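>>> Quick one, fold the following:
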Amino acid sequence: RMETDCNPTELPNNTGFEEDSDYRDFEGTDVKDMRLEAEAVVNDVLFAVSNMFVSKTLRCAEDVAYINVETRERNRYCLELTEAGLRVVGYDFDQTDDRLQTPYHETVYSLLDSLSPAYREVFGNALLQRLEALKKESQS
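Alright, predicted model coming up:
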C-alpha cells in the first residue's frame with residue numbers, strides 16, 4: 001500500500017478528485033480489500049467456533065471491518081479488524097463500546113485462543129489430525 005503525507009479527507013474541496021473515476025475506483029477497491037480480509041479471517045476459523053460472520057450492520061470502511069463471533073462456550077463478541085490487528089470492541093453481535101480498551105491481536109488465532117478454551121481444543125485437534133494425515137501420506 002502506498003504511503004501518503006496527507007489524508008485525502010484533508011484535501012481542499014476544489015481538487016477535482018471527487019469527479020475523477022480512477023480515484024473513486026481506487027477508494028472502492030480499498031473498501032473491498034478490508035471486507036475480503038474479514039471474510040478470509042472468518043473462513044479460516046469458522047470450523048472452530050459456533051458462529052462467525054462479517055457484520056452487515058456495522059459499516060466497513062477502507063481501514064476497518066467488523067466480525068461477529070460466537071464461541072463454543074456461547075459467548076458473543078464483536079471484533080474490529082484494522083491494520084493494527086483484531087480486537088474485541090463489544091460483547092454481543094454488532095455492538096461496539098468505545099470505552100473498551102482491549103488489546104490488539106496480530107492474528108484471529110491468538111485472539112480466539114485468549115477468549116475460548118473450546119476453540120483452542122478444536123483447533124489443536126484439527127491440527128493434530130492434519131499432521132497425522134501428512135505423516136500417513138509421507139509413509140505411503
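>>> going forward, measure contacts and count neighbours with C-alpha atoms only.
Will do.
>>> could you point out which element follows the helix or strand residue 40 falls within?
Secondary structure assignment for residue 40, by DSSP states H and E: helix 21-45. Proceeding N to C from helix 21-45, the next assigned helix or strand is strand 51-54, under DSSP H and E.
>>> next one: the host helix or strand of residue 109 to chain centre, how far?
Under the criterion of DSSP H and E, residue 109 resides in helix 108-115. Distance of helix 108-115 from its chain centroid, counting by Cα atoms, centre = their mean, to the nearest Å, is 12 Å.
>>> now swap in stretch 44-61 and tell me
8 Å.
>>> for stretch 61-77, same thing?
Worked out by Cα atoms, centre = their mean, stretch 61-77 lies 8 Å from the chain centre.
>>> now do stretch 34-48
Per Cα atoms, centre = their mean, the centroid offset for stretch 34-48 relative to its chain is 7 Å.
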